[in-house]
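**Q** Model the following, please.
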Amino acid sequence: MNIEFKREPVDGLVKPATVVFLTPGEEALESREEISSIKPFLRDHLFSGAFKGEYLDSLPLYLNGGWLVAVGLGQGARLTEERYIEAAAQAGQKLKELKVNQAVVILPPTAKFGQEKTAELTALGLKLAITPRNDYKSSSKDREGVSLKTITLQMTQSYDSNLSVKAALDRATAMAKAQQLTRELTERPANLLTPKVMANICEDFGQKHSFSVTIWDEHKLASEKCGCLLAVGQASHNPPRMVIMEYIGKSGGSLGAPRAIIGKGVTFDSGGLFLKPADNIAHMKGDMSGAAAVLSLMVGVTELNLPIHLVAILALAENMPGGAAVKPGDIVVSLSGQTVEITNTDAEGRLLLADALSLAQRYDPYCLIDVATLTGACAVALGENCAGVFSNHDYLRNDVIKAGREVGEDFWPLPLYEPYAELLKSDLADLKNWAARSGGAIHAALFLKKFVKDELPWVHIDIAGTARKGKSSPSCPEGPTGFGARTLLKLLSNSASGQ
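**A** Numbers count the residues shown, from 1 in each chain. Prediction:
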């Protein structure tokens, strides 16, 4: 689906479909001078019945041979980026239901965002709603395709330049594609997405998008002494992989030290000998959401041609039980040289990340970010809509939170509470991988901190709660959300532009 834009006054309804966003109350409608030509239609049919302009209200009206789709934004004081994206996605869902091939979407006068940002958020919501979901059914309506081919954003207020709006729409397209790719990879069943298959997918994307890909198989992992990653995957018939991707953008000057971003990729997590309960285990194919988000980020960065140097690392493994499985009490040697006592085989994600964090620091990055579905404790604390952020660097943490807010993803800072680090001490090794159930998200973050140089700015993002939703929304069906991909892309876009 292509999204275009134009700057001109609204001159009546445009066939086959016109979308208008409204806030509650007829008084608010009367203040909208830019849509004077369609006010008569709105006065006659809205605010007296089912549609009142409340958040996500929607009403399609067939008038004079075309559709007028009204979508509610709710009260302006409560309008956030996240809520606006959902409203735009609601418009997309209605257009999809109407099976029109093109539409005009009139952008509202949102002084809170400005026209360029409103265009970006609108395009993002529309793209997320209209992209069909993949499945594995022998026949599926979802794969029949979407009839909607072109949407024109009608901009009624002034903006900086056509180039600035085009850049905003390009970002929206890249973010939507990144999120959809993350969802699609996370949805794949574990028998079709092993560590080797995921590594090969990275290689294919690298060839297509011109970034380098290096894959460490189990033999290279052993020679490099990645004992933590190898321990997690040692019982599986599908051996682990480490994938190193590198993108060097074009710039008029020096790109400086790279940014390094790491994704946890447990392609199936049974819990190992600490076997997970039956009611939860089927969703554990999605324990590679962090890795999927980081791969999608690489694709988005190349499509936007960002002038940055980026190193992305995926630590990939299956965590399985069996005669060869790592056992409670086993001690392994990490890539950093630190020894780790395995006290819980279901605290495996931090083991993967430990070796990946150590590897990333060989590239002398100026900042380090890891993304992982790491702890149920974080999901319990923050729920499905907010990810946890731990950091040793306030500015970097705040940049992540700001980027997330700008694209409708929420993060909440959590503490690296140092007294709990005492709980990670082992009598036999340098540290142990699990301490206690209470404070579990903090313990995991403190464990990772042991593998990061003190002076290196680092952020750990725990997306255990946000990677999957039990209830659909206009922008996302029930299931994998693709959370984090658009925040990371926005973060790097902001950094590249000096924001």
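**Q** Name all residues that make contact with D57.
**A** 50-51, 70-72 (CB atoms under 8 Å, 6 or more residues apart in numbering). Bear in mind the C-beta positions are built from the backbone N, C-alpha and C, glycine included.
**Q** would you list the residues you listed in CSV and tack on pLDDT and secondary structure?
**A** Putting the contacts of D57 into CSV (pLDDT from 0 to 100; DSSP: H, G, I helix; E, B strand; the rest coil) gives the following:
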residue, pLDDT, secondary structure
A50, 75, coil
F51, 86, coil
A70, 95, strand
V71, 96, strand
G72, 95, strand
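**Q** among those residues, which ones are buried?
**A** In the contacts of D57, burial by neighbour count holds for 51, 70-72, counting by 16 or more other CB atoms under 10 Å.
**Q** how about low-confidence regions in the stretch 251-400 of the chain?
**A** 252-253 (pLDDT under 70).
**Q** Which stretches in it count as strands?
**A** For the stretch 251-400 of the chain, the strands defined by DSSP state E, counting those that start in this stretch occupy 259-269, 309-319, 331-333, 339-341, 367-372, 386-391.
**Q** Which strands and helices lie in contact with the fourth one?
**A** With contacts defined as 3 or more CB pairs under 8 Å, 6 or more residues apart in numbering; DSSP states H and E, the secondary structure elements packing on strand 339-341 are strand 331-333, strand 431-432.
**Q** My understanding was that E184 contacts D135; is that so?
**A** No: shown here, E184 and D135 do not form a contact pair, counting by CB atoms under 8 Å, at 10.2 Å.
**Q** neighbour-wise, which of these two wins?
**A** Regarding E184 and D135, a neighbour count based on other CB atoms under 10 Å identifies E184 as having more, with 16 against 10.
**Q** how long is stretch 431-446 end to end?
**A** Start and end residues of stretch 431-446 are separated by 11 Å (CA to CA, to the nearest Å).
**Q** chain center to it, what's the gap?
**A** Put simply, stretch 431-446 sits 25 Å off its chain's centre (CA atoms, centre = their mean, to the nearest Å).
**Q** Run through who's touching that stretch.
**A** If you take CB under 8 Å, 6+ apart as the criterion, stretch 431-446 is touched by 338-344, 347, 349-351, 374-378, 381, 388, 390, 414-418, 420-421, 423-426, 447, 450, 460, 462.
**Q** Now intersect the residues you listed with the helices, please.
**A** Those of the contacts of stretch 431-446 mapping onto helices are 349-351, 376-378, 381, 447, per DSSP state H.
**Q** Would you check which pair of those lies furthest apart?
**A** L351 and A381 (22.1 Å; CB to CB).
**Q** With neighbour numbers in mind, choose between those two.
**A** The neighbour comparison of L351 against A381 (other CB under 10 Å) goes to L351, with 30 against 19.
**Q** I'd guessed the more buried one sits against G233; true?
**A** No: counting by CB under 8 Å, L351 does not reach G233; the two are 9.9 Å apart.
**Q** ok, back up a step: so for K112, which of the helices and strands packed on strand 339-341 sits nearest?
**A** Closest to K112 of those, according to CB to CB: strand 431-432, at 46.9 Å.
**Q** Average pLDDT for that closest one, rounded please.
**A** Per-residue pLDDT values across strand 431-432 average out to 98.
**Q** What pairs with it, parallel or antiparallel?
**A** In the sheet, strand 431-432 lines up against strand 339-341 (parallel) (DSSP bridges).
**Q** picking that back up, of the contacts of stretch 431-446, grab the buried ones for PyMOL.
**A** Buried residues among the contacts of stretch 431-446 (16+ other CB under 10 Å), as a PyMOL selection:
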select buried, resi 338+339+340+341+342+343+344+347+349+350+351+374+375+376+377+378+381+388+390+414+416+420+421+423+424+426+447+450+460+462
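**Q** so what's P321 up against?
**A** Residues counted as contacts of P321 (CB under 8 Å, 6+ apart) are 235, 270-273, 275.
**Q** that older thread, tell me the one among the contacts of D57 nearest to I201.
**A** For the contacts of D57, the closest approach to I201 (CB to CB) belongs to V71, at 36.5 Å.
**Q** Wait, the closest one touches Q90, no?
**A** Yes: using CB under 8 Å, V71 is in contact with Q90, at 5.4 Å.
**Q** Spell out which residues are contacts of both of these two.
**A** With CB under 8 Å, 6+ apart, V71 and Q90 have common neighbours 56, 58.
**Q** and the helix of greatest length in the chain, average pLDDT?
**A** As assigned by DSSP H, the longest helix anywhere in the chain is helix 162-187. What helix 162-187 shows for mean pLDDT is 96.
**Q** just checking, what packs against that helix?
**A** For helix 162-187, the packing partners by 3+ CB pairs under 8 Å, 6+ apart are strand 2-7, helix 115-130, helix 289-304, strand 479-480, helix 485-496.
**Q** to the chain's geometric centre, what's the distance from it?
**A** So, by CA atoms, centre = their mean, the centroid of helix 162-187 is 11 Å from its chain's centroid.
**Q** what do you get for stretch 158-167?
**A** Averaging C-alpha positions (CA atoms, centre = their mean) puts stretch 158-167 26 Å from its chain's average.
**Q** Can you get me the start-to-end distance on it?
**A** End-to-end for stretch 158-167, by CA to CA: 16 Å.
**Q** Name the residues of it that are buried.
**A** For stretch 158-167, the neighbour count (16+ other CB under 10 Å) marks 159, 165, 167 as buried.
**Q** how about the residues you listed in JSON lines, adding distance to S139?
**A** Compiled in JSON lines, the buried residues of stretch 158-167 are given as follows (distance: CB to CB, whole Å):
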{"residue": "Y159", "distance to S139": "45"}
{"residue": "V165", "distance to S139": "40"}
{"residue": "A167", "distance to S139": "40"}
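**Q** Quickly name whichever of those is closest to D204.
**A** A167 (27.9 Å).
**Q** give me every residue that touches the closest one.
**A** Counted by CB under 8 Å, 6+ apart, A167 has zero contacts.
**Q** Distance check, it against I308.
**A** Going from A167 to I308 by CB to CB, to the nearest Å gives 16 Å.
**Q** Then F451?
**A** Applying CB to CB to F451 and I308 gives a distance of 24 Å.
**Q** Compare these two (neighbour count), which wins?
**A** Neighbours were counted for F451 and for I308 using other CB under 10 Å; F451 has more, 26 against 19.
**Q** any idea how far P413 is from the more buried one?
**A** In terms of CB to CB, F451 sits 21 Å off from P413.
**Q** Then R350?
**A** 19 Å.
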